[in-house]
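Chemist: just to be clear, the model below is a prediction. Sequence and coordinates:
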Amino acid sequence: MRRAYPIFLLFFLLPLASTEAGATSTVDSLQSRLQELYRSSQKAERLEVVMELGKALRIEKSYEESIQQYQQALELALYLEQAHAHREILMNLGEVYRLQENYVLAEETFQRLVQEETLCSQQQLAEANHRLSKVYRAQGNFDLAYDYQMRALEIRRDNQDQEGVARSQYQLGSLFFFQNNYALALEYYQKTLDNALALNDQHLLYMSYGALGSTYNKLERLDLSIEYNQLALELAEAQQNEVAIAYALHNMGADYYAVDSLALALQYFSQARLLKQQLQDQWGEIASLRMMGKVYVDQGQVELGLRCLQESLKMAEELALRPRVLEAYETLAKVYEQLDQGPEAILYLRKYIALKDSLVNETTVQKMGTIKQGYEVQRREQELVKKDYQIAQLQQKALIVGILVLLILLWLIYSRYQNTVQYSQELQSKNHRIHQQNEELAQANDLQKRSNALLRKNNEKIQLQNKKLENSNLELQRFAHIASHDLKEPLRTIGAYASLVSRRYQHTLDGEGKEFLHFITQGVNRMYHLLDDVLNYSRLETEVVQPDLEWVDLNELVVELQRNLQEQILQSNARIQSNPLPWVKANRNHLYQIFQNLLVNGLKYNTQLEPQINIGWERDGSFYRFEVRDNGIGIDPSYHHKIFEAFQRLHRTDEFEGTGIGLAICKKLVTQYGGDIWVESTVGQGSAFYFSFPIPPGSQTVATSPALESVEE
Ligand code: ADP
């Protein structure tokens with residue numbers, strides 16, 4: 001792109017580098033392509049080709065034809081409503097006008113673009129300003145040129161277009177150069193060089209070297225000037241850029257001229273002029289020609305020198321290149337003065353002064369200064385706006401952060417609130433549950449109260465019934481007692497008369513009568529026993545365990561019992577064996593009855609030749625478990641419970657005598673002490689009767705006398 005914008009004003013500037021031959025062949029092929037397209041209606045493609053053709057023609061320097069193509073392209077773009085292409089074409093058209101040195105139309109074209117500010121891209125806008133500046137500069141309108149270049153620079157800075165910035169800096173340097181303000185020119189060129197080095201842009205580098213060489217030349221720092229110009233020349237040659245070489249050669253000539261190496265200077269200027277002529281660069285050619293004229297005059301070839309100078313003036317005037325005209329006036333004035341041709345010298349001096357006033361004057365410099373200040377103010381304002389924007393952004397960020405923090409806080413408060421609400425809800429539901437439970441409890445209490453009342457009532461009822469039962473028991477016992485007692489009376493009479501009949505009528509009674517009488521006596525005896533047992537049993541109902549229990553030595557009790565049963569034992573040939581027995585606390589008579597019943601049964605229900613009875617015991621928790629074991633007839637297990645009920649017998653009286661009350665009495669007595677009685681037996685293998693009896697507190701498992709000590713206490 002850079003090469004598409006040739007720079008014409010300065011003598012070290014670089015125009016297009018394309019070869020004309022290449023452009024021509026491109027032009028031909030594009031033109032034939034266009035012919036084809038005219039036949040079809042592909043307008044969009046035609047637009048592209050027309051634009052290409054315009055460009056190729058411009059490179060070929062066929063400016064008029066190029067303009068025609070671009071104008072056609074403009075119409076096509078309008079027809080196709082391609083706004084972007086339209087602006088692109090305007091840019092190219094303006095450039096061709098400028099190259100054609102038709103500055104009026106060039107200015108008008110670029111102004112259209114600049115005024116379409118909002119439609120253009122920033123790059124396009126900067127480029128339009130840049131080119132407009134160059135148009136004004138060529139016309140000698142330096143203040144306007146400066147203004148537009150500053151605009152271009154600002155846009156490029158904002159867009160961080162470093163290359164664009166460098167190009168603007170270069171142009172600004174040139175403007176100061178033309179205003180003979182070399183110090184400022186140097187400053188801008190140096191900046192361009194820095195940027196060119198940073199970008200490693202060879203073309204910009206060449207331009208910077210050339211510009212710096214020229215500036216140092218003007219500042220008469222010829223060593224530096226030659227150094228930079230030499231660098232520029234080398235770079236141009238390395239790039240094989242003829243335009244650049246031409247300008248570098250010119251600059252070298254200027255340096256050698258300054259150091260009075262006239263032959264060398266002439267050589268450089270001549271080479272430069274020739275090259276520029278070939279390149280049709282009249283702007284450049286004028287400068288080289290003028291310098292050649294100066295050298296010729298200095299060398300004494302006055303006529304040749306003046307011819308060169310006049311020609312350069314003529315060319316400049318024809319092309320209306322006012323800066324070049326000014327240079328020519330100045331040189332001619334000096335040369336005529338040098339040649340002592342006063343009137344001519346004054347004539348050119350006047351012309352020079354008149355033109356200079358309109359081109360290079362203090363006002364222009366001042367204006368440029370004001371513009372610069374304006375831009376600086378604008379820049380500062382922009383910076384301020386930028387800062388304001390940054391502050392606003394910061395404030396915005398702070399606001400966002402603040403809002404976020406606030407939101408977080410709100411969220412925290414909300415979640416806290418939610419938790420509290422949840423907690424209170426839970427509490428409420430707990431309270432509710434507790435309330436419910438309380439109600440249930442109250443109900444349960446109520447129920448309890450009612451059931452207690454019911455219980456109490458029932459208890460009362462039971463007590464009442466117990467009382468009644470007790471009364472009826474008492475009644476019954478009394479009845480049993482009275483009955484048995486009263487029944488004994490007639491029994492005794494029957495018994496007494498039966499024995500009287502037996503004794504008195506013994507001889508008169510036959511065998512059968514005697515037998516009947518015997519039955520009566522037996523029945524009476526049996527009736528006696530029964531009544532005794534009933535009496536005993538009914539007595540037990542009323543008896544309670546005596547609170548004044550005594551210590552009973554069971555060993556002594558068993559011995560006494562054996563003594564009382566001695567006859568029965570001897571008769572049955574029985575053997576009674578007893579382990580040493582413990583002492584117990586009880587009513588001695590009760591224990592006597594228990595052991596007596598068990599012992600008597602063991603002897604009675606035994607058909608062995610040598611009945612055997614063993615008395616033993618063992619400790620079972622807080623009870624003694626006593627055992628009376630015999631080797632008798634045994635009991636069927638189905639009767640093991642029944643035998644403890646009153647009047648329950650398993651045998652007939654003629655088999656084994658008895659009333660069926662003994663074991664019932666035992667059970668009653670044992671249960672009165674909190675114990676129990678049971679039997680383990682198999683028919684034909686004997687029986688073992690067990691009964692439990694509480695161990696008196698303080699007793700040891702002894703058979704001797706644990707209780708004696710406590711008796712002595
Ligand atoms: P009885 O006056 O008939 O002996 P008990 O109440 O003492 O009354 O005994 C009830 C019944 O239990 C007895 O009739 C007898 O059939 C049976 N019985 C009691 N002791 C024994 C025993 N040691 N061996 C076999 N049977 C027994």
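Modeler: Perfect, I can see it now. Numbering: from 1, shown residues only.
Chemist: which strand or helix spans the residue of the stretch 351-500 of the chain found nearest the ligand?
Modeler: Closest approach between the stretch 351-500 of the chain and the ligand, counting by CB to the nearest ligand atom: Ser484, at 16.3 Å. For glycine as for every other residue, the C-beta is placed from the backbone atoms N, C-alpha and C. Using DSSP states H and E, Ser484 sits in helix 362-504.
Chemist: next secondary structure after that helix?
Modeler: Moving toward the C-terminus from helix 362-504, the next helix or strand (DSSP H and E) is helix 511-542.
Chemist: now the stretch 251-400 of the chain, which segments are flagged as low pLDDT?
Modeler: Flagging of the stretch 251-400 of the chain using pLDDT under 70 yields the residue ranges 360-367, 369-370, 372-382, 384.
Chemist: which residues touch Gly602?
Modeler: Counting by CB atoms under 8 Å, 6 or more residues apart in numbering, Gly602 makes contact with 611, 613, 628-630, 632, 687, 689.
Chemist: okay if I get those residues as JSON lines plus distance to the ligand, pLDDT and secondary structure?
Modeler: Listed next are the contacts of Gly602 as JSON lines, based on distance: CB to the nearest ligand atom, whole Å; pLDDT from 0 to 100; DSSP: H, G, I helix; E, B strand; the rest coil:
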{"residue": "Pro611", "distance to the ligand": "10", "pLDDT": "96", "secondary structure": "coil"}
{"residue": "Ile613", "distance to the ligand": "9", "pLDDT": "97", "secondary structure": "strand"}
{"residue": "Val628", "distance to the ligand": "8", "pLDDT": "98", "secondary structure": "strand"}
{"residue": "Arg629", "distance to the ligand": "9", "pLDDT": "98", "secondary structure": "strand"}
{"residue": "Asp630", "distance to the ligand": "5", "pLDDT": "98", "secondary structure": "strand"}
{"residue": "Gly632", "distance to the ligand": "4", "pLDDT": "97", "secondary structure": "coil"}
{"residue": "Ser687", "distance to the ligand": "5", "pLDDT": "98", "secondary structure": "strand"}
{"residue": "Phe689", "distance to the ligand": "7", "pLDDT": "98", "secondary structure": "strand"}
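Chemist: who wins for neighbours among these?
Modeler: The most crowded member of the contacts of Gly602 is Asp630, carrying 26 neighbours; neighbours defined as other CB atoms under 10 Å.
Chemist: spell out the secondary structure type for Val552.
Modeler: strand (DSSP: H, G, I helix; E, B strand; the rest coil).
Chemist: now do the one 4 residues further on
Modeler: Here Glu556 is helix, with the state taken from three-state DSSP.
Chemist: for Gln685, same thing?
Modeler: When states are read from three-state DSSP, the local structure at Gln685 comes out as coil.
Chemist: next one: the closest residue to it other than its chain neighbours from the ligand, what distance?
Modeler: The spatial neighbour of Gln685 that comes closest, neighbours along the chain excluded (CB to CB, 6 or more residues apart in numbering), is Gly634 at 5.2 Å. In this structure, Gly634 and the ligand are separated by 6 Å, where distance is defined by CB to the nearest ligand atom, to the nearest Å.
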